[in-house]
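**Q** A predicted structure for the sequence below; I have some questions about it.
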Amino acid sequence: MEKRQLGKTDMQVSVLGFGGAEIGFEGATADTVGELLNSALDAGLNVIDSAAAYLESEKLIGQTVAGRRKDFYLFTKCGATDGFSTSDWSESGILIHIQTSLQNLQTDYLDLIQLHSCGVDELQKGEVIAALQKARDKGYARYIGYSGDGEAARYAIETGAFDTLQTSISIADQQALELTLPLARERGLGVIAKRPVANAAWRTGQKPVNSYHHAYWERLQKLDYDFLHGDLAQAIAIALRFTLSQAGVHTAIVGTTKPGRWRENAQMLEAGALPQSDIDKIRARWHAVAEPSWGGEI
């Protein structure tokens, strides 16, 4: 699998990473997670990303692949917890979250710890940044990052404090391509694309049951890209290649509870970068249709 250097870090990351949200929120079993992650690692995926907010996700990852710690880079996020029902942006709270994550993931260090979508107001106070820097100084994490979107993500880049940015980039979520990605590239930040296939929100032809997917469903109804009406696998391939073809994007985090699904995604990338003419059509449609309120989705 293709690997790219994650900004100025020393990490050569696979272009596909495993996102841990689904296994937490969809209640995956340890057996399923073990099959998912071990097969992915065997085939060259080397990024696993989770968060304190993703319910049992960190524990499932720790239970199943802690013994292979040297085979992958381990990222997680702090600040928000318990399915996003609570948050604590104090220095003490952040450090407690990180220590709990280390226990759940069964590791003594993280390759990357990220703030999980705190607002500009919290970033401006400086306490959350100081907490991550202290975690790095203590050896809890090698690098620190910000995960989020919009003006908060741009402010995070401007502080110069972070090594990476994790942000939403997809055919249904293109704000970052102008607001943050060029600046992140200029500053040398590693960029992790989340929700890179827009949750394939169009795949059933009906509005998804899960409200988490509704914003992308509604956007895609209006964007109405031609390729969404054809073969589903081909449409997902175009969406994924669009995200990974953006200059400055180093890895795309894809979540699933279905063994084999990530391998299908990897095969989609064998065709290489999406042709510039196709990228231009997708961007033109976005500029023609996108509403001012279509910001980055957390």
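**A** Received it, and whenever you're ready, just let me know what you need.

**Q** which residues are in contact with the nearest residue to W294 once chain neighbours are set aside?
**A** Spatial nearest neighbour of W294, chain neighbours left out: R219 (6.2 Å); criterion: CB to CB, 6 or more residues apart in numbering. Every C-beta, even on glycine, is put in place using the N, C-alpha and C of the backbone. By CB atoms under 8 Å, 6 or more residues apart in numbering, the residues touching R219 are 172-173, 198, 290, 294.

**Q** what's the answer for Y73, then?
**A** 11, 13, 46-48, 111-112.

**Q** in TSV, list those residues along with distance to A161 and secondary structure.
**A** Formatted as TSV, the contacts of Y73 follow (distance: CB to CB, whole Å; DSSP: H, G, I helix; E, B strand; the rest coil):
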residue	distance to A161	secondary structure
M11	18	coil
V13	21	strand
N46	26	coil
V47	22	strand
I48	24	strand
D111	17	strand
L112	14	strand
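
**Q** so which of those residues is the closest to L37?
**A** I48 (6.9 Å; CB to CB).

**Q** next, count neighbours for that closest one.
**A** Using other CB atoms under 10 Å, I48 has 25 other residues around it.

**Q** return the set of residues that bridge with it.
**A** F18, L74 (DSSP bridges).

**Q** if we can go back for a sec, adding secondary structure, pLDDT and neighbour count, write the contacts of R219 out as a markdown table.
**A** Output for these, formatted as a markdown table (DSSP: H, G, I helix; E, B strand; the rest coil; pLDDT from 0 to 100; neighbours: other CB atoms under 10 Å):
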| residue | secondary structure | pLDDT | neighbour count |
| --- | --- | --- | --- |
| A172 | coil | 97 | 26 |
| D173 | strand | 97 | 27 |
| A198 | helix | 92 | 26 |
| A290 | coil | 96 | 16 |
| W294 | coil | 94 | 18 |
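
**Q** and those, which two are the farthest apart?
**A** Using CB to CB, the contacts of R219 span at most 13.2 Å, a distance reached by A198 and A290.

**Q** put the alpha carbons of the least confident helix or strand in the chain by mean pLDDT into CSV.
**A** For the chain, counting by mean pLDDT, DSSP states H and E, helix 261-268 ranks last in confidence among helices and strands (a mean of 81). Taking C-alpha atoms only, helix 261-268 is exported to CSV below (Å, rounded to 0.1, in the frame of the first residue of the first chain):
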residue,chain,number,x,y,z
ARG,A,261,-14.5,-3.8,3.4
TRP,A,262,-11.3,-1.9,3.9
ARG,A,263,-9.5,-4.3,1.5
GLU,A,264,-12.1,-3.4,-1.1
ASN,A,265,-11.3,0.3,-0.5
ALA,A,266,-7.6,-0.4,-0.9
GLN,A,267,-8.2,-2.1,-4.3
MET,A,268,-10.1,1.0,-5.4
